[in-house]
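> let me see the structure of the following:
(chains A and B)
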Number of protein chains: 2
Amino acid sequence: MALTDCIVDIALIHHPVVNKNGEIIGSAVTNLDLHDIARAARTYEVRNYFVATPFKDQRALIGEITGHWHQGHGAEYNPVRGQALQLIKPVESLQQAVERITEKDGALPLVIATSAQQQEKTISYRELLKQAETNSRTVLIVFGTAHGLAQEILDECDGILPPIRGNGDYNHLSVRSAVSIILDRLLGN
Amino acid sequence: MALTDCIVDIALIHHPVVNKNGEIIGSAVTNLDLHDIARAARTYEVRNYFVATPFKDQRALIGEITGHWHQGHGAEYNPVRGQALQLIKPVESLQQAVERITEKDGALPLVIATSAQQQEKTISYRELLKQAETNSRTVLIVFGTAHGLAQEILDECDGILPPIRGNGDYNHLSVRSAVSIILDRLLGN
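Residues are numbered from 1 along each chain as shown, chains lettered A, B, ... in the order given. Prediction:
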């Protein structure tokens, strides 16, 4: 069973997310989240990697970084990197990502959040695959930076994947690792 | 079926690895490989995360970085990070990591390399689990930085895991993503 017959998009949210005290913040875009997550997205044939931030200068920064690998020196030095980074689409918010998908597909995506904590509205991997396949809907998987997605984002989503657990109770993976693991679970051979 | 009854160690090799032209090089230790991979290792209850470099100043740098999170300001700011970084053991080479394990366990580990290319001596995930469980041996999974492990490292290993593939032919994951995915496949619930 695999999601490979569906369209999968991902979104990395920089606002609203929470800090270590649970307060709502806007986090900074990092070069590394762009590169590592784009490479994983390209490997698993994700369609779009939306990077959401309400800060205009941060969206401009995303364009500068990706431009270096599309048209700049990076494109010549390492052409395969540009193939990954071209999946990146800067957006203002999760809502704007959903609007872009809906406009393209003519239907709302199934919006699935991720969290390091067990949440209400948990949807199992099995159930997600079933729903996506039954309804042939695009699946948008939503990841948080900093200490995770704000409650208002979790509330907007159709379901939340269970936290990634190893054998113990340590659940402090980087978002880069979390994206890689979740894409492999959903789309890996 | 899971490796969770076995001891699993991982090693990240900075020399000998290859550059984009296939030439043998020594790569630089990066802060991010230490943090992201230690967090994944801690999540999946890996015993040791060996970071191998023959360069003494690079091993000293590893000690400075991890020290900040063990005893420094970082330990106070984010105590869970230190729990991950304490898995890091700087060593001069893969051979030294193997010696340390053998000394501790009284038996050689099963040394398993990883590669983005299909290699001779491929061992499937299923076969690895079977061998490790049958012989109750520690498994040491070996990852390369830069463009991957040099042939001499591949030759020293007992087997090589198949490349991680998504749905297509793009196989340029970061080593941080590759470690996360392989640990989840071997040790995830």
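> now stretch A:96-105 - C-alpha only, CSV.
What follows is stretch A:96-105 as a C-alpha-only set of coordinates in CSV (Å, rounded to 0.1, in the frame of the first residue of the first chain):
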residue,chain,number,x,y,z
GLN,A,96,-2.3,30.4,0.7
ALA,A,97,-0.7,27.0,0.0
VAL,A,98,-4.2,25.4,0.3
GLU,A,99,-5.6,28.0,-2.1
ARG,A,100,-2.8,27.4,-4.7
ILE,A,101,-3.5,23.6,-4.6
THR,A,102,-7.2,24.1,-4.8
GLU,A,103,-6.8,26.4,-7.8
LYS,A,104,-4.5,23.9,-9.6
ASP,A,105,-6.5,20.7,-8.8
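> poorly predicted segments of chain A, please.
Per-residue confidence for chain A (pLDDT under 70) gives these ranges: A:1-2.
> those residues of it touching chain B, which are they?
The interface of chain A toward chain B, taken as Cβ under 8 Å from any Cβ of the partner chain, is made up of A:4, A:20, A:32, A:35-36, A:39-40, A:42-45, A:78, A:80-81, A:83-84, A:164-168, A:170-174, A:176-181, A:183-185, A:187-189. No exception for glycine: its C-beta is placed from N, CA and C like everyone else's.
> 6 Å - rerun?
Counting by Cβ under 6 Å from any Cβ of the partner chain, the residues of chain A lying close to chain B are A:4, A:36, A:39-40, A:42-45, A:80, A:165-168, A:170, A:172-174, A:176-177, A:180-181, A:184, A:189.
> separate out the buried members of the residues you listed.
A:36, A:39-40, A:42-45, A:166-167, A:170, A:172-174, A:176-177, A:180-181, A:184 (16 or more other Cβ atoms under 10 Å in any protein chain shown).
> then stretch A:164-178 to CSV, C-alphas only?
Provided in CSV are the C-alpha atoms of stretch A:164-178 (Å, rounded to 0.1, in the frame of the first residue of the first chain):
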residue,chain,number,x,y,z
ILE,A,164,7.5,9.5,15.3
ARG,A,165,8.7,7.2,18.0
GLY,A,166,11.8,5.2,18.1
ASN,A,167,12.1,2.6,20.9
GLY,A,168,12.2,5.0,23.8
ASP,A,169,10.6,8.3,24.9
TYR,A,170,13.0,10.7,23.2
ASN,A,171,11.1,12.7,20.6
HIS,A,172,13.2,15.6,19.6
LEU,A,173,14.0,14.9,15.9
SER,A,174,14.9,17.8,13.7
VAL,A,175,12.1,18.8,11.2
ARG,A,176,14.5,17.7,8.5
SER,A,177,14.6,14.2,9.9
ALA,A,178,10.9,14.1,10.5
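> done for today, thanks.
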